[in-house]
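> Show me how the following folds:
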Amino acid sequence: MRSRYCRQLQHALSFRFPLPTRRPLLFCPHRLMKPLVVFVLGGPGAGKGTQCTRIVEKYGYTHLSAGELLRDERKNPDSQYGELIEKCIKEGKIVPVEITISLLKREMDQTMTANVQKNKFLIDGFPRNQDNLQGWNKTMDGKADVSFVLFFDCNNEICIERCLERGKSSGRTDDNRESLEKRIQTYLQSTKPIIDLYEEMGKVRKIDASRSVEDVFDAVVKIFDKEG
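Below is the predicted model:
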């Protein structure tokens, strides 16, 4: 009798005071996925942008050009960095790392927020020096994974001639011989050592970029098909 009474009481209370249920865990893919990054490096005029466009079409990566992001920011009348970026670009100098990384991170966050499946990025023209690399490691450690460095190796004079030809229609203020020679020297002194550092880590995939666009892309395809 007592047992039956207890069961009845428990049953009655369950209607008045239902037992708490465990709330389902909300699945948020954006929080769980990290950007997968391929750094794309090479001298000015090595063909990085052209090849990145093709990689995007074939493999679905999102292309982020550090240079383009900086140039767009320079044109923004509300940007507090515009004048500094303009000065650095004209003088062939490297823009402070905090500015570049903030722009890159903003674009990656916006892309992945819009589509959680779009977590593969080509970052073109970065890191350009030791300061860039240290800034990236400090800011993005644990927040992004670098798969490898795609290095477009090209003769300096070929690079300059390509940029001068591009300058006839690009409207870019830095596509002139004086600025280009400064950029080449900056690349050799600051960026090449970063490529060498990644080379020691076994993370560089080198391509002869002095060849035709089609031949270069054939080499790119072999690399991406192998890397997955």
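> pLDDT at residue 8, what is it?
Looking at residue 8, its pLDDT stands at 49.
> try the one 4 residues further on
At residue 12, the model reports a pLDDT of 44.
> and if you look at residue 82?
Residue 82 is assigned a pLDDT of 89 by the prediction.
> Contacts for stretch 100-119 next, please.
Residues outside stretch 100-119 that contact it (CB atoms under 8 Å, 6 or more residues apart in numbering) are 29-30, 33-36, 60, 62, 64, 66, 69-70, 73, 121, 123, 126, 132, 135-136, 139-140, 144. From N, CA and C alone the C-beta is placed, and that goes for glycine too.
> likewise stretch 130-141?
Under the criterion CB under 8 Å, 6+ apart, residues 94, 97-98, 100-101, 105, 126-127, 190, 193-194, 197 lie in contact with stretch 130-141.
> now swap in stretch 181-194 and tell me
41, 43-44, 91-94, 127-130, 132-133, 156, 159-160, 174.
> Distance check, the residue nearest the centre of the chain against residue 39.
Ranked by distance to the mean C-alpha position of the chain (CA atoms, centre = their mean), the top residue is residue 123 at 3.0 Å. According to CB to CB, to the nearest Å, residue 123 and residue 39 sit 5 Å apart.
> Likewise for residue 45?
18 Å.
> Repeat that for residue 48.
Using CB to CB, residue 48 is found at 10 Å from residue 39.
> same check, this time on residue 174
21 Å.
> Tell me which helix or strand residue 207 sits in.
Using DSSP states H and E, residue 207 maps to strand 204-208.
> so where's this protein shaky on pLDDT?
1-32, 228 (pLDDT under 70).
> now residue 96: how far from residue 180?
22 Å.
> let me redo that: residue 222
Computed with CB to CB, the distance linking residue 222 and residue 180 is 30 Å.
> Which of the two has more residues huddled nearby?
Taking other CB atoms under 10 Å, residue 222 and residue 180 do not tie; residue 180 has more neighbours (23 against 12).
> so that one touches residue 162, yeah?
No: using CB atoms under 8 Å, residue 180 is not in contact with residue 162; the gap is 9.7 Å.
> who touches both of the two?
By CB under 8 Å, 6+ apart, residue 180 and residue 162 have these common neighbours: residue 45.
> Spell out the secondary structure type for the nearest residue to residue 81 once chain neighbours are set aside.
Excluding the flanking residues, the one nearest residue 81 by CB to CB, 6 or more residues apart in numbering is residue 99, at 5.2 Å. Put simply, residue 99 is helix when judged by DSSP: H, G, I helix; E, B strand; the rest coil.
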